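> sequence first, predicted model second:
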Amino acid sequence: VFEVKHFKYIVIGGGVAAGYAAREFTRQGLQLGELAIISKEGVAPYERPALSKSYLFPNEAARLPSFHVCVGSGGEGLLPEWYEEKGIELILGTEIVKADLASKTIASASGRIFRYQTLIIATGSEAKKLKDFGVQGADAKSIFYLREISDADKLVEALKAKQKGKAVVIGGGYIGLEVGAAMRINGFDVSMVYPGPWCMNRLFSPAIASFYEEYYSNKGIKLIKGTVAVEFEVGSNGEVKTVKLKDGQLLQADIVVVGIGGRPLTALFKGQVEEEKVGIKTDGLFRTSVPDVYAVGDVATFPMKMYKDMRRVEHVDHARKSAEQAVKAIRASEDGKYIEEYDYLPFFYSRYFDLSWCFYGDNVGEPVLFKDIGNADTDDDSKCKNPRFGTYWIHNHKVVGAFLEGGTAEENIGIAKIARLQPEKKKEELEMLGMLYARLA
Ligand code: FDA
Ligand code: NAD
């Protein structure tokens, strides 16, 4: 008979949201032994964004403990000792395989049983796999996905083993662009393949994408758009030799990295909790349909107050803020207090090579491109050393979203304000004001 461990609070998942939840619990006043974080991963919560960026660099690569949460938002890095000091049980290398929300009991793969009073689901996402799309040879050895630190370690090992070889990156989204750049920085001969007519087509307008695509081409990365991989030819050593594309092209590959989207990890709770838009449905306090069960980060489909709809957001800023909101809500409910509903302004960002962009708001309506002309050191944007440009989105006469490449901290705060306040502006005005509008906001 297994011992049943009881905690007042349990967080399932030990990623970004779990780490920020832990800090918020301590801020709100936590007793020793009240909180457990149960994670499949073997390390304390860390800032996942590092994995597709500095973790892969050939020189001065980021390694733990330098990027544990909460360094990504300017806070202190929470090392394993911190959890110990605060009396938080960090149960690592432990996958929860069963959850019974009715009896408030969860069980790990090794048969450990835990009970809680209040549960926070923070299981994040998994990478979609090519084998789910019927791609032949998709389980070959030299095909890599990137979600957890163990995936990143395998990729780093392969980068060393296949030095300066041929790399094929599949997917033109966040992972594709970030890892494609990192592979090029590592000296690989990189080809990127994606089905869309331009990269990052969920967010970028064609004009924004064309800047990055030209920049990548100038860096020597080959971009193959409008097609997908259909088959991998695998050698006798189990490693990929070539990638066959739907359009008939054949690419040599020493290494393949795949980033074709994420899928929220909700299977444990299927049929027990209400779902919406592939996520676990919550209210503005991140309460699910089951009492005492909260869901945060990638898995939560929550009311986006500003846009009056329900959304799921797969980005780190929301993982942090939703975790903090849920913990505040839990503590407030215990004290019979009221807290404001979550009122989130979407914030996404990325970095590749020397580039860095930020986006706030909603990318609906008409995109209005502007350039910071005074700054240009060449007419060819993609060759400019410090490119600075941006886009505002106008919807129903209002500015609802804003994107800046190379913005200063002040300008990035400016576009956040604009996206939050949604001022009325005409296209011509925005084109003329450009960056200045962000600076003055
Ligand atoms: P997260 O994925 O961080 O954590 C989930 C945790 O739960 C993991 O530790 C997992 O092992 C664990 N888990 C899952 N199932 C479990 C189970 N059954 N039992 C126990 N443990 C379980 N966003 C952004 O805004 N800017 C960026 O630059 C990046 N960069 C980036 C790079 C890479 C490589 C990835 C994969 C993702 C990003 N993101 C990002 C997205 C961002 O990292 C993501 O939205 C947050 O990490 C989500 O936080 P969560 O805590 O919800 O999940
Ligand atoms: P994504 O959704 O950003 O991009 C998926 C890409 O794969 C798209 O270009 C899409 O067209 C392409 N694609 C889809 N199906 C395909 C198929 N069958 N074959 C080939 N290409 C296909 O997802 P991602 O880049 O894999 O990122 C995974 C998760 O990690 C997401 O939640 C993302 O938000 C997160 N992430 C975020 C950041 C960031 O915010 N800077 C960085 C890395 C990862």
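Yes, it's here. Ligands and ions are numbered 1, 2, ... in the order given.
> what sits against the residue in the stretch 301-441 of the chain that ligand 2 sits nearest to?
Closest residue of the stretch 301-441 of the chain to ligand 2, C-beta to the nearest ligand atom: residue 314 (3.1 Å). The C-beta positions use only the backbone N, C-alpha and C, and glycine is treated the same way. Residues near residue 314 by C-beta atoms under 8 Å, 6 or more residues apart in numbering: 125, 262, 264, 298.
> tell me which of these is nearest to residue 69?
For those, the minimum distance to residue 69 (C-beta to C-beta) is 15.0 Å, reached by residue 298.
> so who does that closest one touch?
Shown in contact with residue 298 (C-beta under 8 Å, 6+ apart): 17, 123, 124, 125, 262, 264, 265, 279, 312, 313, 314, 319.
> can you lay out those as TSV showing pLDDT?
Formatted as TSV, the contacts of residue 298 follow (pLDDT from 0 to 100):
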residue	pLDDT
17	99
123	99
124	98
125	98
262	97
264	98
265	98
279	98
312	98
313	98
314	98
319	99
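> how about those in a markdown table, adding secondary structure and distance to residue 147?
Formatted as a markdown table, the contacts of residue 298 follow (DSSP: H, G, I helix; E, B strand; the rest coil; distance: C-beta to C-beta, whole Å):
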| residue | secondary structure | distance to residue 147 |
| --- | --- | --- |
| 17 | helix | 15 |
| 123 | coil | 12 |
| 124 | coil | 8 |
| 125 | strand | 7 |
| 262 | strand | 8 |
| 264 | strand | 12 |
| 265 | coil | 10 |
| 279 | strand | 17 |
| 312 | strand | 17 |
| 313 | coil | 17 |
| 314 | coil | 11 |
| 319 | helix | 14 |
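> ok, and which of these reach ligand 1?
17, 123, 124, 125, 265, 314, 319 (C-beta under 6 Å from any ligand atom).
> in the stretch 151-300 of the chain, what residue lies closest to ligand 1?
For the stretch 151-300 of the chain, the residue closest to ligand 1 is residue 297, as judged by C-beta to the nearest ligand atom, at 2.1 Å.
> and that residue, backbone torsions?
phi 70, psi -150 (degrees, to the nearest 10).
> go ahead and confirm it touches residue 322.
Yes: contact between residue 297 and residue 322 holds when scored by C-beta atoms under 8 Å: they sit 5.9 Å apart.
> quick one: least confident helix or strand in this structure?
Least confident helix or strand, the chain: helix 435-440 with a mean of 92, by mean pLDDT, DSSP states H and E.
> now that one: buried residues?
Within helix 435-440, the residues that qualify as buried are 435, 437, 438, counting by 16 or more other C-beta atoms under 10 Å.
> list the contacts of it.
Against helix 435-440 from outside (C-beta under 8 Å, 6+ apart): 370, 372, 388, 390, 392, 402, 404, 407, 410-412, 414-415, 418, 425, 430, 433.
> any figure for the gap between whatever residue of the stretch 1-150 of the chain ends up closest to ligand 1 and residue 212?
Across the stretch 1-150 of the chain, no residue is closer to ligand 1 than residue 15, which sits at 1.8 Å (C-beta to the nearest ligand atom). Distance of residue 15 to residue 212, computed by C-beta to C-beta, to the nearest Å: 27 Å.
> what's the answer for residue 182, then?
In terms of C-beta to C-beta, residue 182 sits 15 Å off from residue 212.
> for residue 116, same thing?
From residue 116 over to residue 212 (counting by C-beta to C-beta), the distance is 45 Å.
> of the two, who's got more company?
The neighbour comparison of residue 116 against residue 212 (other C-beta atoms under 10 Å) goes to residue 212, with 25 against 22.
> ok, now which ones touch that one?
For residue 212, the contacting residues are 177, 199, 200, 204, 352, 355, by C-beta under 8 Å, 6+ apart.
> quick check, it in a helix?
Yes: assessed with DSSP: H, G, I helix; E, B strand; the rest coil, residue 212 lies in a helix.
> for residue 95, give me the pLDDT.
For residue 95, the model assigns a pLDDT of 98.
> and it, what does it touch?
40, 108, 109.
> which residue is the nearest non-sequential neighbour of the first one?
Closest residue in space to residue 40, ignoring its immediate chain neighbours: residue 95 at 4.4 Å, by C-beta to C-beta, 6 or more residues apart in numbering.
> check the gap between the one you found and ligand 2 for me.
Per C-beta to the nearest ligand atom, to the nearest Å, residue 95 is found 20 Å from ligand 2.
> next one: residue 224
From residue 224 to ligand 2 the distance is 11 Å (C-beta to the nearest ligand atom).
> go on, residue 245?
Taking C-beta to the nearest ligand atom as the measure, residue 245 and ligand 2 are separated by 10 Å.
> related to what we said a few turns ago, quick one: which of the contacts of residue 212 sit in strands?
When DSSP state E is applied, the contacts of residue 212 are split such that 352, 355 fall in strands.
> TSV for the contacts of residue 212, including distance to ligand 2 and pLDDT?
Output for these, formatted as TSV (distance: C-beta to the nearest ligand atom, whole Å; pLDDT from 0 to 100):
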residue	distance to ligand 2	pLDDT
177	8	98
199	7	98
200	7	98
204	10	98
352	10	96
355	12	97
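> ok, the contacts of residue 212 vs residue 326, which is closest?
Nearest to residue 326 among these, with distances taken as C-beta to C-beta, is residue 200, at 29.5 Å.
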